[in-house]
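Colleague: starting from these lines, generate the structure:
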Amino acid sequence: MSRVHPASFLTLHYRLARHDGAELINTFGDKPATLSLGTGELAPAMEARLIGLEEGAHESFELAPGEAFGARNPELLQRVALAVLRENGDRDERYAVGDVVQFPTPDGQAVFAGVLRELGPSGEDWATFDFNHPLAGQALRFEVQLIGVL
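Modeller: Numbers count the residues shown, from 1 in each chain. Next up is the predicted model:
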């Protein structure tokens, strides 16, 4: 049987859930996923759990808070002037707490996302965005069934 190595191409079913059991991703009831290790498709901590497993393995792993997607960084909570949002998007857009908003990178070649956490009080023209990964700082459960390893 083939074993997973750092550059393996995998066909697998996987489930990612919060520590409380709330599912985030589950391919077990659908088509399996295919991915290449080492390309950033999975968090490094998740990839590390797969290294050495044999084709056909079905395993579950507990990931400590922050292990998969890093610790929450309070510096990634940023106050942004609403004028910046209007410059980079639809001028008439109405934003609400919980919205995910795309921002261009400084070079304009890519985008990154932030979750709107707070709007300034009436008359104040700002919003607070959280640029942490949505799963940063959380304990997770990672279950995998390896179907194929190349």
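Colleague: buried residues, stretch 3-20. List them.
Modeller: The neighbour-count check on stretch 3-20 (16 or more other Cβ atoms under 10 Å) flags 4, 8, 10-17 as buried. The C-beta positions use only the backbone N, C-alpha and C, and glycine is treated the same way.
Colleague: so which of those residues are in strands?
Modeller: Using DSSP state E, 10-17 are the members of these that sit in strands.
Colleague: what is the end-to-end distance of stretch 80-96?
Modeller: 14 Å (Cα to Cα, to the nearest Å).
Colleague: what's the distance between it and the middle of its chain?
Modeller: Stretch 80-96 sits 24 Å away from the centroid of its parent chain (Cα atoms, centre = their mean, to the nearest Å).
Colleague: same deal with stretch 93-104?
Modeller: For stretch 93-104, the distance to the chain centre is 17 Å (Cα atoms, centre = their mean).
Colleague: in it, what counts as buried?
Modeller: In terms of neighbour count (16+ other Cβ under 10 Å), stretch 93-104 has its buried residues at 101, 103.
Colleague: pLDDT and distance to residue 56 for the ones in strands among the buried residues of stretch 3-20 - can I get that in TSV?
Modeller: Shown next, in TSV, are these (pLDDT from 0 to 100; distance: Cβ to Cβ, whole Å):
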residue	pLDDT	distance to residue 56
10	98	12
11	98	11
12	98	11
13	98	12
14	97	14
15	97	17
16	97	21
17	97	22
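Colleague: one step back: so which of the buried residues of stretch 3-20 comes closest to residue 72?
Modeller: residue 16 (17.9 Å; Cβ to Cβ).
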